[in-house]
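Participant: below are the sequence and a predicted model for it; my questions follow.
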Amino acid sequence: MSTSAVSERRSGWVTFAAVVLFAVGFLRIISGISYFKHSVAINNLTQGAFHSDLWAWGVWDICIAALAVLAGLALLGGVGFLTPAFGRAVAYVWGILVIVQGFMLIGQAPWYSTVMIALAALLIYGLASQPAEEG
């Protein structure tokens, strides 16, 4: 195997981060749409930060989903402004926002919050433990 082929390989942690970002992003799009319909089928968040304004939770979920999908595309080597460095920066911001949201919701949805905090922490760890690709 040549050294140029090895240097072009993407880290497993970076690929894991991109897959997590895509999965959570698409699930957040679905939950955001359901909140626009004033549905509490996913989570009853009426005692949370936005109270009974489920449309605000929908906007929040759509914004988090957009960040996640954008970062996932960039991490997988997007084009234009979607560089891996941009993807890392957006993924770090996404991870921090998800951890903050997890602590805000821990009283209403403890299992969901715990899983989201753990996924975001793993994503941040994975990206921070791997050197950034040069190029």
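Facilitator: Ah, there it is. Being a predicted model, the structure only gives us computed values, none of them experimental.
Participant: against which helices or strands is the helix or strand containing residue 29 packed?
Facilitator: In the assignment (DSSP states H and E), residue 29 maps to helix 12-36. Counting contacts by 3 or more CB pairs under 8 Å, 6 or more residues apart in numbering; DSSP states H and E, helix 12-36 packs against helix 54-75, helix 84-105, helix 110-129. Heads up, the C-betas are built off the backbone N, CA and C, glycines and all.
Participant: from residue 23, how far off is the closest residue to residue 90 other than its chain neighbours?
Facilitator: The shortest distance from residue 90 to any non-neighbouring residue, by CB to CB, 6 or more residues apart in numbering, is to residue 71 (3.9 Å). Residue 71 sits 12 Å away from residue 23, going by CB to CB, to the nearest Å.
Participant: isn't residue 65 up against residue 35?
Facilitator: No - if you go by CB atoms under 8 Å, residue 65 and residue 35 don't touch, sitting 11.7 Å apart.
Participant: which of those two has more neighbours?
Facilitator: Neighbour comparison, residue 65 and residue 35: the larger count goes to residue 35, with 25 against 22 (by other CB atoms under 10 Å).
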